[in-house]
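Predicted model follows, preceded by the sequence.
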Amino acid sequence: MLRDYLSRYGLIALLAAGPVLFAIHDLAVDGNLVRLGNNLVAGFSNGAIWALVALGYTLVYGIVELINFAHGEVFMIGSFVSFGLLNQLGLGLTSAPLGLVGGLLVCLLASMLVSGSLNVMIERVAYRPLRNAPKLAPLITAVGFSFILQSVGQLWLGGSQVGVPDLLRGQQQLFNVWGVHVDRADALALGLTIPLVALLSTFITQSRLGKAMRATAQDPEAARLMGINVDTTISLTFLLGGLLAGAGGLIYALYQTNVWFFQGFRAGLFAFTAAVMGGIGNIRGAVLGGFIIGIIQQLADNRVRIGGLGGGEWTSVIVFGYLILIMTLRPQGLLGEETREAG
Amino acid sequence: MSAADGMRETVRDLEKSRFFSGNFLIAVVLLVIAAILPFFFDALGSELDTMVWATAYVVFALGLNIVVGFAGLLDLGYVAFYAVGAYAIGYFASDHFNKVNGGKGIHIGASSFAADQGIHLNFILILVIAMSMAALAGLVIGLPTLRLRGDYIAIVTLAFGEIAQNVAQNGDHISISGYKLSAGQQAISPIDEPNLPIYGVFNSALNLQPYYYLGLALVVLTLLVSFALRESRIGRAWIAVREDEVAASSMGVPLVRTKMLAYGIGAAIGGAAGAFLGAYNQAINSNQFPFSFSILVLAMIILGGLGSIWGTVLGAVILAFVDRYLLDKVRDVPHDVFNLDFSTAEINFGIFGFILVLLMVARPEGLLPERRRKMELTEGVGTDESLFEARA
């Protein structure tokens, strides 16, 4: 009884607690909600990146029930490819707007394709041979690949953060509503993520291949009997996850204006948290979870100070604290999971 | 009946008892080899250092094997118990609490080289404290995972591991009645060297052998505990829960108690190894507790063969060798052999990852798989279902 009640409403109360507290604080101190509003906008933009990465986790988990630990690193490689290509194309702060847009589109396509094929390759090399092995075996190869890719990143751009030119002049304000400003970087993050998610969703619900994916996720054996090529379908799933991670990588590079080899680790953990929070295997859940994690992260980065220490030092504790609470209250996630068990 | 007959009788009895069967001879031979091994190496060399680490890793791996291998609860945050154990020795064998007892400190059986200020307890006492603290942490971490399915347990424990590391890192900004929670990325240092009854005070500047034998003693104790637990009532309960939670529960296995015991015992062993490593490292700082540590220990038991005690030992020794020795030795190979201008120290993780992938693809069931588990896998029972899920 109490557990049902807690599971249904406790979670919402828990998620709303942060914003509400800060809203009261802002009203009391500033007399308006501008600060909170700005946090929320930035949170949504951050969350868009987590959502793109989380989709890769959720798609893969839905179909092969594997936590693809290397996914964060696939995202990192996407960032690195875009950064490398930006330099190769000679895009800089002085580039003409049209060339800039064209160049960025090339970068987007390249990073998506590289991340996508990388993900397919990883599946082929490290997961497919282990499909009938004990379940923990592919988990270890996944971790192995994530270590390998981190080293690749470290050899590529060195061990420290590398600045990316602020090509979009991301902090420049596009418009503002009652003092809450939406910047060009926010527009980039949301403007790329929303169409991509819409495309993905259409592909999965409308196309033949999408139908094959859903069938395989539900029951691979039966799908095979119905003439679906399960191996190809699984590869396709990894490809889609990788494409989205690549797009996320480009957005991250332009939005944060820096890249480094370790960015994938935290991104991976946060995005997986988002996927679990929304309900694993559930595409809408992953997007919702991504936005929620983005907002929690933004509030934790900017507003939380414990022991005189703020500026994001406690963000991991807060995000993972939320994860634990949500898992305890509602293990199936906010929108419910869509995996084999759930049918 | 002659004396020889009586002897034969006793041996036969020993052979009959499941505890000693087969394992006993292997164990004695291995132990003798392990005991004389240090005499072939330099008392301060990197080989002996690797061996000390290997003993610690074996203890960690055996502890995690109880949680993951026996009870089937996938734990990705095992590093938390390393941290708890290490901070236990950091608190109680250093000058961290420098104002207690009016600045004169508290000394109970500590090394005579210990500083005046702070709390300095005997290593064995600290071991007990570390194990109790870690067991408590294990129960706290275990509680929210009780209702969860395999992969979710993994994520929740991972989250706890990350929180533990983050708190250790930020702990220098949190003060409780005038003392910092940790020293963050600075270290709590120096840690008193152990002072054991017969041997006396250790001195890592002169000789690493005492640490090795202390580690070996911990390994032997943990092995005995592991074997005894596996054959016990609770060990059978763990295996039952691992194989089918619902069936186990309906046969009267108390799920909560069984799982919590696995978490608690596994954590206590991790805490003991953590205290040992803390003493050996002579410093406790937050960088010692990364996520990759949990993965390293997990890789050891999976490589060895999940649930298999000897496999776990083998996996831990191999990966300790790779992690502490091999990667260091091949550092200059790219430069010396291929004339490239980088050292493999930069890509240690990559090499480690590569080895993991190769080993797993070549032998996914582990090097010395447990017979029972092999049966579970090959019989085709629940082949398309996870071994680690509650079938609700």
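Everything's here; your move. Numbering: from 1, shown residues only, chains lettered A, B, ... in the order given.

so what's B:Gly274 closest to, chain neighbours aside?
Nearest in space to B:Gly274, with sequence neighbours left out and distances taken as CB to CB, 6 or more residues apart in numbering or on different chains, is B:Gly85 at 2.3 Å. (Each C-beta comes from the backbone N, C-alpha and C, glycine too.)

Now do the same contact list for the one you found.
B:130-131, B:133-134, B:270-278 (CB atoms under 8 Å, 6 or more residues apart in numbering or on different chains).

Where does it fall, secondary structure wise?
If you go by DSSP states H and E, B:Gly85 is part of helix B:79-92.

try B:Ser182
Under the criterion of DSSP H and E, B:Ser182 resides outside all helices and strands.

Could you give the number of residues near the nearest residue to it once chain neighbours are set aside?
Distance criterion CB to CB, 6+ apart; nearest residue to B:Ser182, sequence neighbours excluded, is B:Gly171 at 3.1 Å. Counted by other CB atoms under 10 Å in any protein chain shown, the residues lying close to B:Gly171 total 19.

which regions of the stretch 201-350 of chain B lie under the pLDDT threshold?
Within the stretch 201-350 of chain B, the segments meeting pLDDT under 70 span B:339, B:341-346.

what does it put close to chain A?
Residues of the stretch 201-350 of chain B lying close to chain A (CB under 8 Å from any CB of the partner chain) are B:291-292, B:295, B:298-299, B:302-303, B:306, B:342, B:346-350.

In helices only, show me these.
B:Phe291, B:Ser292, B:Ile295, B:Leu298, B:Ala299, B:Ile302, B:Leu303, B:Asn348, B:Phe349, B:Gly350 (DSSP state H).

Quick one: the strands in the stretch 151-300 of chain A, in order.
Here the stretch 151-300 of chain A has its strands, by DSSP state E, counting those that start in this stretch, at A:162-163, A:173-177, A:180-183, A:258-259.

I meant the stretch 51-200 of chain B, not that one.
B:106-108, B:119-121, B:175-176, B:179-180, B:195-196, B:200-201.

list the contacts for residue 37?
The chain I'm using is chain A. So A:Gly37 contacts A:Val177, A:Trp178, A:Gly179, A:Val180 (CB under 8 Å, 6+ apart).

ah, I was thinking of chain B
Applying CB under 8 Å, 6+ apart to B:Leu37 gives the contacts B:Met51.

One more: A:Arg224?
Under the criterion of CB under 8 Å, 6+ apart, the contact list for A:Arg224 reads A:Val230.

Can you give me the pLDDT of it?
With respect to pLDDT, A:Arg224 scores 92.

ok and the helix ranked longest in chain A relative to strand A:173-177, angle-wise?
When chain A is parsed with DSSP H, its longest helix is helix A:34-64. Counting by axes from the mean of the first three to the mean of the last three CA atoms, to 10 degrees, helix A:34-64 lies at 110 degrees to strand A:173-177.

Which residues belonging to helix A:34-64 are considered buried?
Burial within helix A:34-64, assessed by neighbour count using 16 or more other CB atoms under 10 Å in any protein chain shown, is assigned to A:34-64.

same thing with stretch B:322-330?
Buried residues in stretch B:322-330, counting neighbours by 16+ other CB under 10 Å, are found at B:Val322, B:Asp323, B:Arg324, B:Tyr325, B:Leu326, B:Leu327.

now do stretch B:216-232
Neighbour-count burial for stretch B:216-232, counted by 16+ other CB under 10 Å, picks out B:Leu216, B:Leu218, B:Val219, B:Thr222, B:Leu223, B:Val225, B:Ser226, B:Phe227, B:Leu229, B:Arg230.

Mind checking what secondary structure the third one has?
To tie it back to what came earlier, the one meant is B:Val219. helix (DSSP: H, G, I helix; E, B strand; the rest coil).

which one of the contacts of B:Gly85 is nearest A:Gly333?
B:Gly270 (29.7 Å; CB to CB).

Run through the residues that contact the closest one.
Neighbouring residues of B:Gly270 by CB under 8 Å, 6+ apart: B:Phe60, B:Gly63, B:Leu64, B:Tyr78, B:Phe81, B:Tyr82, B:Val84, B:Gly85, B:Ala134, B:Gly138.

Give me the buried positions along the helix ranked longest in chain B.
Using DSSP H, we find that the single longest helix of chain B is helix B:255-281. The neighbour-count check on helix B:255-281 (16+ other CB under 10 Å) flags B:255, B:258-281 as buried.

cool, and stretch A:187-195?
Going by 16+ other CB under 10 Å, stretch A:187-195 has these buried residues: A:Leu188, A:Ala189, A:Leu190, A:Leu192, A:Thr193.

Give me the residues contacting it.
A:44-46, A:48-49, A:51-52, A:108, A:168, A:170, A:174, A:247, A:250-251, A:254-255.

For A:Leu11, state which of those is nearest.
For those, the residue nearest A:Leu11 by CB to CB is A:Ala51; the value is 19.1 Å.

Confirm for me that that closest one is in contact with A:Leu200.
No - A:Ala51 lies out of contact with A:Leu200 (CB atoms under 8 Å); the separation is 10.7 Å.

neighbouring contacts of stretch A:151-166?
A:73, A:76-77, A:80, A:83-84, A:86, A:91-93, A:253-254, A:256-262, A:264, B:342, B:346-351, B:353.

ok, back up a step: now the longest helix of chain A, how far from the chain's geometric center?
5 Å (CA atoms, centre = their mean, to the nearest Å).

Then stretch B:142-162?
19 Å.

and that stretch, anywhere near chain A?
Yes - Stretch B:142-162 lies within reach of chain A by CB under 8 Å from any CB, at B:144-145, B:147-152, B:154-156, B:158-160, B:162.

Which positions in that stretch come out as buried?
Buried, per 16+ other CB under 10 Å, within stretch B:142-162: B:142, B:144-145, B:148-162.

out of the contacts of A:Gly37, which are buried?
Buried subset of the contacts of A:Gly37 (neighbour count, 16+ other CB under 10 Å): A:Val180.

Now tell me what touches stretch A:111-124 from outside.
By CB under 8 Å, 6+ apart, stretch A:111-124 touches A:56, A:68, A:70-71, A:74-75, A:77-79, A:81-82, A:85, A:142, A:145, A:234-235, A:238-247, A:249-250.
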